[in-house]
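Enquirer: Provide a 3D model corresponding to the input given below.
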Amino acid sequence: VYDLVSNVNEAKWLVETLADEAESWERPKMFVALSSVLTWGKTGRSDEGDGDEMAFIEEDYKRRKAHPNHKELLYVEKLTTKWSKKKANFNAVIINRGLVYGGGEGVFHYLFKMAWHGSPRQLPVIGRGRNALPAIHVLDLAQVVAQVVALKPDIPYVLAVDDGRMSAMDLVSTISEALGSGAIKRVKRDDPVLVRELTPLQFDMLHLDVVLEPSFIRELEDFVWHAETGLLEAIFDVIREFKTVRELTPLMFYIQGPPGVGKSYYAARIAREYKVHHIQTEDVISDYLAKLTTSQDPADADMLDEIREARAESENGRIPDDLLVAMFREKLFSMPCQNQGFVLDGFPKTLAQAEELFAAGDDDESTSVADDNLDGVAKDILPTNVVILEADDEFIKARMRALPEAQVAGTHWTEDGVARRLAWFREANTDEENAWDFFDSREILPLYITINETTEPSDVLAAVKKLAGKPHNYGPTKKELAARAAAKAEAAAAAA
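Expert: Numbers count the residues shown, from 1 in each chain. Prediction:
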């Protein structure tokens, strides 16, 4: 089995060498040549059938016309077929594969990467996006190869494509809806983002416009498809594979502790270290209210009125727990949080809030592994990294008294305000019942860290890193690497 596409010149040499040596072989040998739909790149649509159903079948392989950049690949295909017919011991079958996806997502990776990052917000569609892209899942391709090797069919050409008749527009729209913002935009081939992300080979693949219909696969009674109906139908399974293979599963943190202990400081540091989203109550509320305010949906207007009435009736204008939990659930189920993950900064504050926030809804479809300890829990928003900061009340009060008066004025960090908030926190979270019991009782063991005069932030972060492990993302960008190098050089120069 040999991939012709990886090195066309080497493939040409190999085919000719095998053909020369075939006469000396004691028995026939099979050569399975993996090729690409690029050799059909300028074939166009078949004149057999109507509209979108105009497809080429395997028997049409002599009609194929290659993309101008891949005529050499077509030549090697034809050379392979030629020697297979002329040399008795050289039995060759060409498997022409569609655009391969599954796992790392192959040529479509740039779209999955952009959608996962949420940048750019609008996924790019090259041109009008009406071109047909034949494709196949890597596991289905592997099975085609295995069947050809096992059965040794007396045919020169096999098409390895699935039933997904997808256009480029359908592909981009589906990925954006399932993994990104749902927004797309048409761009030209010279779009700077695409020039940066794609190789010339990938550009050629994405400009294909041909519909292919396999025959060999259809005749196999024991062929068990992984994604028979194509990428669009299997999009959520493919996204799970993509996140797993590239280690992009979301990391979710919950950090709690008494007021003034430093939750927000450490939450921000964790969010920056792991490139996840810092979720603070004030931001959740403001984002939610901003969305309702700008919405044209009458239901959103009713919800806004309900929130305003509830705040007017409560002490200190607080939002009732049921509404606050609904806001948090919407935020945690949002695509950015589901892609990268998040740090919950100080919420939920009580066990009752935790039980309501993480309760499984009727329509929740968790992608997590089954766990009896988590029955009835919304696993897709459940933090598995729980950090509890502990500190003595007198230490916290002394820390707050040391703040500059200008920083304290007009805030709840006055001496009375700190005392009142500490009392509330201690009453709401006792040794017998507290917010983090929700996790502990489900075998998500909290990391307890004591904060005092000798605590070094670096030690706290080291403990969190030991708990959570390495980040689940694409790593530092080129810009970030350059900034680190500059900072290192500047530090070295200062020390010299």
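
Enquirer: Do a quick rundown of the strands in the stretch 151-300 of the chain.
Expert: Secondary structure of the stretch 151-300 of the chain (DSSP state E, counting those that start in this stretch): strands at 157-160, 184-187, 212-213, 251-256, 277-279.

Enquirer: And for the last one, what's in contact with it?
Expert: Contacts with strand 277-279, where a contact means CB atoms under 8 Å, 6 or more residues apart in numbering, come from 267-268, 271, 328, 331-332, 336-337, 340-345, 347. For every residue, glycine as well, the C-beta is placed using N, CA and C.

Enquirer: residue contacts, the residue nearest to Leu171 when sequence neighbours are not counted?
Expert: Excluding the flanking residues, the one nearest Leu171 by CB to CB, 6 or more residues apart in numbering is Leu133, at 6.3 Å. Going by CB under 8 Å, 6+ apart, Leu133 touches Gly98, Leu99, Met166, Ser167, Ala168, Leu171, Leu206, Leu208.

Enquirer: who wins for neighbours among these?
Expert: Tallying neighbours with other CB atoms under 10 Å puts Gly98 at the head of the contacts of Leu133, with 27 neighbours.

Enquirer: give the contact list for that one.
Expert: Neighbours of Gly98 in contact, by CB under 8 Å, 6+ apart: Val37, Leu133, Pro134, Ala135, Ile136, Leu159, Ala160, Val161, Asp162, Leu212.

Enquirer: same deal with Asp287?
Expert: Lys331.

Enquirer: swap the cut-off to 10 Å and go again
Expert: Met327, Glu330, Lys331, Ser334 (CB atoms under 10 Å, 6 or more residues apart in numbering).

Enquirer: Kindly report the same for Leu171.
Expert: So Leu171 contacts 99, 101, 108, 111, 123, 125, 129, 133, 135, 164, 206, 230-232, 235 (CB under 10 Å, 6+ apart).

Enquirer: Buried ones only from these, please, as a ChimeraX command.
Expert: A single ChimeraX command selects the buried members of the contacts of Leu171 (16 or more other CB atoms under 10 Å):
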select :99,101,108,111,123,125,129,133,135,164,206,230,231,232,235
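
Enquirer: I'd like to know which of the contacts of Leu171 are part of helices.
Expert: Among the contacts of Leu171, DSSP state H puts Leu111, Leu206, Ile235 in helices.

Enquirer: For these, please prepare TSV with the additional fields pLDDT and distance to Leu304.
Expert: Formatted as TSV, the ones in helices among the contacts of Leu171 follow (pLDDT from 0 to 100; distance: CB to CB, whole Å):
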residue	pLDDT	distance to Leu304
Leu111	95	36
Leu206	92	44
Ile235	97	34
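
Enquirer: ok, which pair from the contacts of Asp287 is furthest apart?
Expert: Farthest apart among the contacts of Asp287 by CB to CB are Met327 and Ser334. That separation is 11.2 Å.

Enquirer: more neighbours, these two?
Expert: Met327 (19 against 15).

Enquirer: hang on, the earlier thing: nearest to Pro476, of the contacts of strand 277-279?
Expert: Gln340 (14.5 Å).

Enquirer: residues touching the residue lying closest to the closest one once chain neighbours are set aside, list them.
Expert: Of all residues beyond its chain neighbours, the one nearest Gln340 is Val276 (5.0 Å), with distances taken as CB to CB, 6+ apart. Residues near Val276 by CB under 10 Å, 6+ apart: 250-253, 267, 270, 336-337, 339-343, 468, 471-473.

Enquirer: From Glu330, how far off is Val276?
Expert: 17 Å (CB to CB, to the nearest Å).

Enquirer: what does Lys470 give?
Expert: Lys470 is 29 Å from Glu330, by CB to CB.

Enquirer: In terms of neighbours, single out the busier of these two.
Expert: The neighbour comparison of Lys470 against Glu330 (other CB under 10 Å) goes to Glu330, with 14 against 10.

Enquirer: pretty sure the more buried one is touching Val284, no?
Expert: Yes - between Glu330 and Val284 there is a contact under CB atoms under 10 Å: 8.5 Å.

Enquirer: what does the helix ranked longest in the chain rub up against?
Expert: The residue-count maximum for a helix in the chain (DSSP H) belongs to helix 478-495. Identification of contacts with helix 478-495 by CB under 10 Å, 6+ apart yields Lys275, Gly475, Pro476, Thr477.
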